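Participant: okay, predicted coordinates and the sequence, questions at the end:
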Amino acid sequence: MNHTITRWAVAVVAVCILLCGCGRKNRQPTATDNPNASLTYEKGRDFVGVIKNIDIPNKSISFYNTSFEEETVCVYSGGTEILTKNGKQISSESLEIGQVVDVYQNPDTKRLAKLQLSADIVEYDRVTDLSVDPDAGNLEVNGVKYRYGSGFTAFSNGVPIHVQEISPTDEVTFRGVKGRAYSIVVTKGHGYLKPKKYSDFIGGTMTVGGVMIVPVTEKMLVPVPEGTYEVTMKNGDYTGSSTVTIERNQQLKLDMSKFKTLAPHTGQVVFDIDPVGAELYVNGTLTDYSKPVSLKYGKHSLRVLLEGYTPYIGVVDVQSAGPTVRISLTDENTAVDDDSDNTTVSKQDSDRDQSVSDQYDNQHTITVSAPIGASVYMDGTYKGVAPCSFPKKIGTVTITLSMSGLTTKSYTMKTVNDSKDISWSFPDLESYAVG
């Protein structure tokens, strides 16, 4: 009896083992929400975004989504975490246009769960060394090249602009990493100076204190960095100065007839002395004559010395704004040319102010075809109404477009000496912003 029960029990156990083994083999494993309760799992960022707009009343933020090269709009709430690079909590009011952030969304509602300033982004302030190559899709900052995507946007006063609207005189904040540009924000932009009633100064020079010296031409419209400056025009015996304040993207019309006066009775005397290396003493003082010497109208004693030559001693009577005094120690004679104001001196001014890169290919042209009807300026000099053509300047040029009732725009462009004509078409000018 006992042997029978034992054999029956063994058989039952064997069947159970076979049945249970097949079931386990065919059964699919079941996932658990948290496979290891001792570990914490954190969802990664959804994308890296550049803040394009912050709508505080509607609690929404527009981003340039750098992953998909498109704009993404997200809604935030009082429960949205907003953090610095170091994890410090800040308010939504602390966010700025152009900042680069890691964006975390709620997987169910797609609302913003967290924003954190991207820790790996490099930021450079007050950058002025910036050049753009739109054909190659890259820009250069402080000598380092960065590529940028099709949705890349620069910002000025919180408004998106094309990166080529940035003037060489502008200051910007740049954000990027590992050879890639994420955003540029103009922190110091430019406006425009438009002189009026200045015909007596045409042919002379205009100086914007500490910033630039440009020739005075008809119908000028000059891009100038925003700020306050002393603007001076000089031409022969006429001079005029005024303090101006340039505001970003605004035109300032300056009536120079209000400031035109005869130059003070001081001449800028050019000394042409032969042989080279002789010492010049004016009124007993050793004088550097490598540049024009300021002398009041009237008589001044001169003495020129050079070892091996007979000294020259004489008197010059200054009676004009820019005379040239020629002295030859060999011949012991001097000549004062009172009519040389606009020859010798003006030529020196031109040589000093014109950079080496100011070269022209007069056999080829730049054509600005659009926007039709806009006044076209190159480096502040009037060139005509679009469509118009003018001699091709080699290097970096600033093209300014202006039309009554519309916002003035400037574009920084580059040309190369390739013996080819250039044609540029720019976007239509926009109406003045309201509000």
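Facilitator: Thanks, I have the structure now. Numbers count the residues shown, from 1 in each chain.
Participant: pLDDT below threshold where in the protein?
Facilitator: Counting by pLDDT under 70, the chain contains low-confidence residues at 1-43, 262-264, 331-358, 432-435.
Participant: for it, what spans make up the helices?
Facilitator: Remark: helices assigned in the chain by DSSP state H are 2-26, 346-353.
Participant: how about the contacts made by residue 180?
Facilitator: Residue 180 makes contact with 146-148 under the criterion CB atoms under 8 Å, 6 or more residues apart in numbering. In this view, the C-beta of every residue, glycine as well, is placed from N, C-alpha and C.
Participant: roughly how far does it sit from residue 278?
Facilitator: Counting by CB to CB, to the nearest Å, the separation of residue 180 from residue 278 is 60 Å.
Participant: longest strand anywhere in this structure?
Facilitator: With secondary structure taken from DSSP state E, the chain has its longest strand at strand 388-402.
Participant: elements contacting it?
Facilitator: Contact analysis of strand 388-402 by 3 or more CB pairs under 8 Å, 6 or more residues apart in numbering; DSSP states H and E lists strand 359-370, strand 375-378, strand 409-415 as its packing neighbours.
Participant: will you turn those strands into a markdown table that also has distance to residue 165 and mean neighbour count?
Facilitator: Supplementary listing: these in a markdown table, determined by distance: least, CB to CB, whole Å; neighbours: other CB atoms under 10 Å:
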| stretch | distance to residue 165 | mean neighbour count |
| --- | --- | --- |
| strand 359-370 | 15 | 15 |
| strand 375-378 | 15 | 22 |
| strand 409-415 | 6 | 20 |
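Participant: what is the burial count for residue 316?
Facilitator: When counting by other CB atoms under 10 Å, one arrives at 20 neighbours for residue 316.
Participant: also residue 239?
Facilitator: With neighbours defined by other CB under 10 Å, the count for residue 239 comes to 18.
Participant: I'd like to know how far the residue lying closest to residue 93 once chain neighbours are set aside sits from residue 64.
Facilitator: Among residues not flanking residue 93 along the chain, residue 56 sits closest, at 7.4 Å (CB to CB, 6 or more residues apart in numbering). Relative to residue 64, residue 56 is positioned 19 Å away (CB to CB).
Participant: try residue 188
Facilitator: Distance of residue 188 to residue 64, given as CB to CB: 23 Å.
Participant: those two: who's more crowded?
Facilitator: Neighbours per residue (other CB under 10 Å) separate residue 188 from residue 64, with residue 64 holding more: 24 against 15.
Participant: now the more buried one. Nearest residue, chain neighbours left out?
Facilitator: In this structure, residue 64 finds its nearest non-sequential neighbour in residue 50, 4.1 Å apart by CB to CB, 6+ apart.
Participant: assess the claim that that neighbour and residue 66 are in contact.
Facilitator: Yes: under the criterion of CB atoms under 8 Å, residue 50 is in contact with residue 66, at a separation of 6.7 Å.
Participant: how about the helices and strands packed on strand 388-402, which one is nearest residue 154?
Facilitator: Between residue 154 and the helices and strands packed on strand 388-402, the shortest separation by CB to CB is 11.7 Å, and it involves strand 409-415.
Participant: the closest residue to residue 132 other than its chain neighbours bridge partners, please.
Facilitator: If you skip the residues right next to it in sequence, residue 132 has residue 139 as its closest partner in space, 4.6 Å away by CB to CB, 6+ apart. Counting by DSSP bridges, residue 139 forms beta bridges with residue 132, residue 146.
Participant: isn't residue 139 right up against residue 149?
Facilitator: No: counting by CB under 8 Å, residue 139 stays clear of residue 149, with 11.7 Å between them.
Participant: ok so, going back, so which of the helices and strands packed on strand 388-402 is nearest residue 205?
Facilitator: Relative to residue 205, the nearest member of the helices and strands packed on strand 388-402 by CB to CB is strand 375-378, separated by 17.4 Å.
Participant: so what does that closest one touch, helix or strand wise?
Facilitator: The helices and strands touching strand 375-378, judged by 3+ CB pairs under 8 Å, 6+ apart, are strand 381-385, strand 388-402.
Participant: redo that, cut-off 10 Å
Facilitator: Of the remaining helices and strands, those touching strand 375-378 by 3 or more CB pairs under 10 Å, 6 or more residues apart in numbering; DSSP states H and E are strand 359-370, strand 381-385, strand 388-402.
Participant: ok, which of those comes nearest residue 226?
Facilitator: Of all the helices and strands packed on strand 375-378, the one in closest proximity to residue 226, counting by CB to CB, is strand 388-402 (15.3 Å).
Participant: so which bits of the closest one are buried?
Facilitator: Residues of strand 388-402 classed as buried: 388-390, 392-394, 397-402 (neighbour count, 16 or more other CB atoms under 10 Å).
Participant: stretch 237-249: how far from the chain's middle?
Facilitator: Averaged C-alpha coordinates place stretch 237-249 at 22 Å from its chain's average position (CA atoms, centre = their mean, to the nearest Å).
Participant: hang on, the earlier thing: looking at residue 139 and residue 149, which one has more neighbours?
Facilitator: A side-by-side neighbour count of residue 139 and residue 149, using other CB under 10 Å, places residue 139 first with 24 against 16.
Participant: show me the contacts for that one.
Facilitator: Contacts were defined as CB atoms under 10 Å, 6 or more residues apart in numbering; by that measure residue 139 touches 130-133, 145-148, 152, 154, 163-164, 166, 174, 176, 181, 184.
Participant: got TSV for the helices and strands packed on strand 388-402, with distance to residue 86 too?
Facilitator: As requested, those are exported to TSV (distance: least, CB to CB, whole Å):
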stretch	distance to residue 86
strand 359-370	49
strand 375-378	47
strand 409-415	37
